[in-house]
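Asker: What follows is a protein structure lacking sequence information:
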């Protein structure tokens, strides 16, 4: 499927299908949304849908990658250092996004959750690796990649823990976690 970025009809139709899918996700479980539901909502035929997307799973991936997640990723990539402010802003951006998507697409959130997690963790890993590579000489590429994975997975895990198991405001939650993130295991030995 070759798409022309110049043809506004293609762009509009694709956006129409994606927006229709988002609207349906608010009222129906992802597994029960059919191609017919999407085409009826978008007022396009099946051939038009299949011109743009191979199936609803590709549509979901594109909606997440092109419409929902770029806002979060943009906020992550706005930083060029790893410090308390950066980690706090990333944590808050992700928790705000998760709350928003859970509210907007309540019926389908559970189906989207693993896709969202994979995409956000991957983007955070790339961000942390890039910053570490620029700022931390003396470490091997493998060590920096491991650090990037631990930071991204740890922060994402904390957002999930906050969402499901905490009554603490998100700002206070991340502030409590910050010494463990910034000072690492050495913080545990201090009294």
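Answerer: Received, thanks. Remember, it's a predicted structure, so these values are computed and weren't measured experimentally.
Asker: what's in contact with stretch 36-44?
Answerer: The contact list for stretch 36-44 (Cβ atoms under 8 Å, 6 or more residues apart in numbering) reads 13, 16-17, 19-21, 23-24, 28, 45-46, 48-49, 56, 59. C-betas here are computed from N, CA, C, even on glycine.
Asker: One more: stretch 145-155?
Answerer: With Cβ under 8 Å, 6+ apart as the criterion, stretch 145-155 contacts 82, 87, 90-91, 94, 121, 124-129, 132, 139, 181.
Asker: before we move on, back to that, max pairwise distance over the contacts of stretch 36-44: which two?
Answerer: With distances taken as Cβ to Cβ, the most widely separated pair in the contacts of stretch 36-44 is 13 and 28, at 21.8 Å.
Asker: picking that back up, farthest pair in the contacts of stretch 145-155?
Answerer: Once Cβ to Cβ is applied, the contacts of stretch 145-155 give 94 and 139 as the farthest pair, at 25.8 Å.
Asker: Looking at the two, which one has more neighbours?
Answerer: More neighbours surround residue 94 than the other of residue 94 and residue 139, with 25 against 13 (other Cβ atoms under 10 Å).
Asker: which element is that one on?
Answerer: Counting by DSSP states H and E, the element that carries residue 94 is helix 84-104.
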